[in-house]
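Engineer: Please find the sequence and the predicted model below.
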Amino acid sequence: MSRAYRITVKESETRHLKAGDEICTQLEILEILPPVDMATLLRNELKNRGFEEQDDGTMTRQDGDVAVTIDPCSGEVTVKAATEETVNQEARRDATGFNDVGPNEGKLRDRVREQLKQDLDKKFEQEQSRLQTKATEDLEKHLNEIQPEISQIVNQVTRDALKQKAQQMGTVKEIAEDPESGSLTIKLEV
């Protein structure tokens, strides 16, 4: 005669999850001066805006979970968002068996444990997806915030390069800048 029995199996697991997203673009800086001089102007402007020079020559600024890296020589801009989190998940399953308590109970527990591991994996996949979505949203938000600043940096470097080029071409008589419109007028005597 067989007996019915019920077993409850509970599993918990902790994982450290990481997610990230990045985008690369190119600054559109006019080559008014030689590339080395343009890179120097860009590097100086980035330092004024809180960027720090790295060992490889790039300039980086960390804004929370988002890092902005600009290579002054090539004009390449990389914006990376990263997030990480330690997640604990639990799963529980009940199972009923209809055989004698003994070897069949062990097999039933093993089957239920395997199902629990699959359940935990699905839960962690959902958490990973949530973290990835958060990283992407952080990146998009930061891109919207930093685009005007990047434009200002490019404009300032262009203005500085034009002023230097004008000095190389002759005697500068007058420089007029209109911050509202962004226009720059340089009168020089050649």
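Structural biologist: Yes, it's here.
Engineer: can we go C-alpha only for contacts and neighbour counts from here?
Structural biologist: Fine.
Engineer: For the one residue sitting closest to the centre of the chain, pull up the helix or strand it's in.
Structural biologist: For the chain, the residue nearest the mean C-alpha position is residue 81 (1.6 Å; CA atoms, centre = their mean). Per DSSP states H and E, residue 81 falls inside strand 76-97.
Engineer: hang on, the earlier thing: the residue nearest to the centre of the chain touches residue 140, doesn't it?
Structural biologist: No: using CA atoms under 8 Å, residue 81 is not in contact with residue 140, being 9.2 Å away.
Engineer: wait, residue 40 sits on residue 72?
Structural biologist: Yes: judged on CA under 8 Å, residue 40 makes contact with residue 72 at a distance of 7.4 Å.
Engineer: between those two, who's got more neighbours?
Structural biologist: Legend: neighbour count by other CA atoms under 10 Å for residue 40 and residue 72, higher for residue 72 (22 against 14).
Engineer: Now do the SS call for the more buried one.
Structural biologist: Under DSSP: H, G, I helix; E, B strand; the rest coil, residue 72 falls in the coil class.
Engineer: secondary structure class for the closest residue to it other than its chain neighbours?
Structural biologist: Among residues not flanking residue 72 along the chain, residue 39 sits closest, at 4.8 Å (CA to CA, 6 or more residues apart in numbering). With three-state DSSP as the basis, the three-state label of residue 39 is helix.
Engineer: would residue 158 count as being in a helix?
Structural biologist: Yes: according to three-state DSSP, residue 158 belongs to a helix.
Engineer: can you pull the contacts of it?
Structural biologist: Residues near residue 158 by CA atoms under 8 Å, 6 or more residues apart in numbering: 29-30, 32.
Engineer: now residue 69
Structural biologist: Residue 69 neighbours (CA under 8 Å, 6+ apart): 58-61, 77-79.
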